[in-house]
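*Asks:* next comes the sequence, and after it the predicted model I'd like to discuss.
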Amino acid sequence: MSAKPATIPERPWFSSGPTAKRPGWTPEALSGAPLGRSNRSKVTVGRIRQALDMTREILGIPADYQVFMTPGSDTGAFEAAMWNLLGPRKVQLLAFENFGQLWADDATRHLKLDAEVLSAPYGELPDLSKIDPQADLVFPWNGTTSGVKVPDGDFLNGHQGLVLCDATSAAFCMDLPWEKLDVITFSFQKALGGEAGIGVLILSPKAVERLNTFDSGRPIPKVLRLKKGNTADPAIMGGDAINTFSFLVIEDYLDALRWAQREGGLDGLIQRCDQTAGVLFDWVEKTPWIDFVAVDAATRSTTSVCLKFVDPAIRAQPAEVQASLAAKVGSLLELEGVAFDVTGYRAAPPGLRLWCGCTVEAEDVEALLPWLEWAYAAAVAELGL
């Protein structure tokens, strides 16, 4: 076995969710949380409103869009939108990774909508020319499990139906064309390394109009319900909690938002993400045994970077052997304390997945690269491949 690299990453957290905390974070950041208080008290409501105002400011969300929080992280936010809004038009769903497929399953199996699923294998996007501008469209901006993102918003030009975008691996790291999106969701645990459990749901005026004029007739659980009577619930639209939130989580989000402001807002966060991903991209380009899952360079994610093994000797092995290799590489890195949770998603091509979002430092990725070489060589030798 070759010698281990001398330098280790200072922050070995490369998980794709929950992601790394912001640099310099300690539990002391939560010391001001209003614990033991009613979620209707002035101080707790004030914390939520402050977080929503800062979210709007940093992301550049239009003033006439509604921004509020939901239970259940990004999944809860997106399903709340689907359950409340979809039905009056045909629905098209882009499924090119796990969560896109999850929304497709919701639409076809549970909501039983008039739905068309436009699918693509891991590494590719569906044929965007098949999108019907009259249909409601559901898609993830960035595929966390495939490392594939839409290249831009040009394919949405002139779209007439509602556009529902799961932006949980894109928000705070990629520029989103708000004027072309009607429903946008994300969670703190992906976007800014926050704690889990709360999602953010953003609705355009067009989406609120749909909420006010469409009644699906389907039963909707309280934690997903956005209407009071026959129209949008003004309290929820105004930022009130649908149910009780953890104010440790809210305080953590506020801390991350303050850090984002110090880093230069959205432009600074995107720059951090691009720099960190660039370090990994350069290494992949010159390393013969690894490559991107995303086939087209224009669609490669700069947050959840998904990689596959391409050494011909490894590719010739059965899928389960390749998966064992990925697991062994991940295990060796974790045992050394240099990288946690970097094995690729179970349904994706066997390989690695590294989060390069804005809370990850470029120098930590740089320090990790020799360890990736070491762990791969050690795993291949140990498995006799």
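*Replies:* Cool, the structure landed. Keep in mind that what you see is a predicted model, and the values were worked out from it rather than measured.
*Asks:* where exactly do the helices run in this structure?
*Replies:* 42-59, 73-85, 98-105, 188-191, 205-213, 234-237, 247-262, 265-285, 312-315, 319-335, 362-383 (DSSP state H).
*Asks:* out of these, which gets nearest to Pro151?
*Replies:* In terms of C-beta to C-beta, the element of these nearest to Pro151 is helix 265-285, at 14.7 Å. Where C-beta positions appear, they are placed from N, C-alpha and C, glycine not excepted.
*Asks:* other SSEs contacting that closest one?
*Replies:* Helix 265-285 is packed against helix 42-59, helix 247-262, strand 290-292, strand 304-309, helix 362-383, with contacts defined by 3 or more C-beta pairs under 8 Å, 6 or more residues apart in numbering; DSSP states H and E.
*Asks:* just send those back as a markdown table, with mean neighbour count too.
*Replies:* Formatted as a markdown table, the helices and strands packed on helix 265-285 follow (neighbours: other C-beta atoms under 10 Å):
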| stretch | mean neighbour count |
| --- | --- |
| helix 42-59 | 17 |
| helix 247-262 | 20 |
| strand 290-292 | 20 |
| strand 304-309 | 26 |
| helix 362-383 | 19 |
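*Asks:* closest one to Glu116 among those?
*Replies:* strand 304-309 (26.1 Å).
*Asks:* tell me what the closest one is packed against?
*Replies:* helix 265-285, strand 290-292, helix 319-335, strand 351-355.
*Asks:* winner for burial among the ones you listed?
*Replies:* strand 351-355 (a mean of 25; mean count of other C-beta atoms under 10 Å).
*Asks:* compute the inter-axis angle for it and strand 304-309.
*Replies:* Angle between the axes of strand 351-355 and strand 304-309 is 160 degrees (criterion: axes from the mean of the first three to the mean of the last three C-alpha atoms, to 10 degrees).
*Asks:* so strand 351-355 versus helix 362-383, what angle?
*Replies:* 160 degrees.
*Asks:* ok now strand 351-355, how far from the chain's centre?
*Replies:* On the basis of C-alpha atoms, centre = their mean, to the nearest Å, strand 351-355 sits 14 Å off its chain's mean C-alpha point.
*Asks:* again with stretch 260-278
*Replies:* Computed by C-alpha atoms, centre = their mean, the chain-centroid distance of stretch 260-278 equals 16 Å.
*Asks:* turn the helices and strands packed on strand 304-309 into a markdown table, columns for distance to Ala33.
*Replies:* Output for these, formatted as a markdown table (distance: least, C-beta to C-beta, whole Å):
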| stretch | distance to Ala33 |
| --- | --- |
| helix 265-285 | 24 |
| strand 290-292 | 40 |
| helix 319-335 | 31 |
| strand 351-355 | 26 |
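*Asks:* Pro350 reaches Ala319, doesn't it?
*Replies:* Yes. At 6.5 Å, Pro350 counts as touching Ala319 under the criterion of C-beta atoms under 8 Å.
*Asks:* follow-up on the earlier one: dump the helices and strands packed on strand 304-309 into TSV; add mean pLDDT and distance to Gln66 as well.
*Replies:* As requested, these are arranged in TSV below (pLDDT from 0 to 100; distance: least, C-beta to C-beta, whole Å):
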stretch	mean pLDDT	distance to Gln66
helix 265-285	98	20
strand 290-292	98	37
helix 319-335	97	41
strand 351-355	98	29
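*Asks:* the ones you listed: which one's closest to Val45?
*Replies:* Using C-beta to C-beta, those put helix 265-285 closest to Val45, at 25.2 Å.
*Asks:* how about Met82: what's its closest non-neighbour residue?
*Replies:* Leaving aside its sequence neighbours, Met82 sits nearest to Asp106 (C-beta to C-beta, 6 or more residues apart in numbering; 5.9 Å).
*Asks:* need the pLDDT of the one you found.
*Replies:* The pLDDT attached to Asp106 in the predicted structure is 95.
*Asks:* before we move on, the earlier item: make a markdown table out of the helices and strands packed on helix 265-285 and add distance to Gly143.
*Replies:* What follows is those, written out as a markdown table (distance: least, C-beta to C-beta, whole Å):
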| stretch | distance to Gly143 |
| --- | --- |
| helix 42-59 | 20 |
| helix 247-262 | 23 |
| strand 290-292 | 12 |
| strand 304-309 | 7 |
| helix 362-383 | 20 |
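*Asks:* among these, which is nearest Val338?
*Replies:* Short answer: helix 362-383, nearest of the helices and strands packed on helix 265-285 by C-beta to C-beta, at 4.7 Å.
*Asks:* count of neighbours near Lys222?
*Replies:* 8 (other C-beta atoms under 10 Å).
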